[in-house]
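give me a model of this one.
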Amino acid sequence: MEATSTNETLVSLRSVTRSVILPDQQQLHILRGIDLEVQSGDHTAIVGRSGCGKSTLLNLLGLLDVPTSGDLEFLGQPADRLSSNARARLRGSTVGFVFQQFNLLPGRSALDNVITPLFYAHGREFWRRRELAMDMLDRVGLAERAHTMPNMLSGGEQQRVAIARALVRRPRLILADEPTGALDVETGQAVMALLDTVATETAAALVTITHDTNVAALARACYRLDSGVLSPLAVAETAGVSA
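Have a look, this model is predicted:
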């Protein structure tokens, strides 16, 4: 896989807020005035405690949701002007998600799990889906486990299958939500090194949402999310962040 040299802005958030109406009609403010720009090739970590709004921010970055107010542009297109179907198409072709829970399909082999996103592809990508999935499994070191069921894989192997599934369509933006939360420290470090390597090779942007300061320290840009407010954080400061 070859990297490109462009530093294109993938996602831009300006004064973005996200609120929900509670059953008692009170408004809950989850995100407050978020400013963030993600360019191709970036590796960004967003650190915060549980309940601070990290997953809500990830949903916005991945076009799973739209802001309550403010401006969110994805590849230069205002998100609030895109239909839900248009957002889904753009998300499917451009964004790869890696979650703490591996979310692998039970009863399906590692290869079948990685192939799944390619059923939504078109042209040669669709017809070459098995070859592409095998190539990606090989890339994450699991070619020999291609026909193994998820329940026969270790936690680290399951996460690598999930990474292969997220990357098989060569997304330009990789969103990792607590990707090491279910892994031991050594395996988690190996998983993050793999994500960073593949993202670097393809010039994809990698955004890691985490409470783990060790994971955050691997990024090249860090932010802290606290009570819905996002602020820059020097990488060296991550050791002092309480999660």
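
what kind of secondary structure is the residue positioned nearest the centre of the chain in?
By Cα atoms, centre = their mean, the mean C-alpha position of the chain lies nearest to Leu175, the distance being 1.0 Å. Taking DSSP: H, G, I helix; E, B strand; the rest coil as the rule, one finds Leu175 in the strand state.

from Leu206, how far off is it?
8 Å (Cβ to Cβ, to the nearest Å). Any C-beta I mention is one placed from the backbone N, CA and C, and that applies to glycine too.

and what of His122?
26 Å.

of these two, which one has the most company?
Set His122 next to Leu206 and count neighbours by other Cβ atoms under 10 Å: Leu206 wins out with 26 against 9.

what number of residues lie near the nearest residue to that one once chain neighbours are set aside?
Nearest non-adjacent residue to Leu206, counting by Cβ to Cβ, 6 or more residues apart in numbering: Ala199, 4.1 Å away. For Ala199, the neighbour count with other Cβ under 10 Å is 25.

host element of Ala199?
helix 185-202 (DSSP states H and E).

could you pull out the buried residues of that helix?
187-188, 190-192, 194-196, 198-199, 202 (16 or more other Cβ atoms under 10 Å).

does Leu58 count as helix, strand or coil?
helix.

what do you get for Leu104?
Leu104 falls in the coil class when you classify it by three-state DSSP.

for the closest residue to it other than its chain neighbours, give its distance to Gly96.
Distances taken as Cβ to Cβ, 6+ apart place Pro150 nearest to Leu104, at 4.2 Å, with adjacent residues excluded. Separation of Pro150 from Gly96 (Cβ to Cβ): 19 Å.

looking at these two, which is more packed in?
Gly96 (28 against 20).
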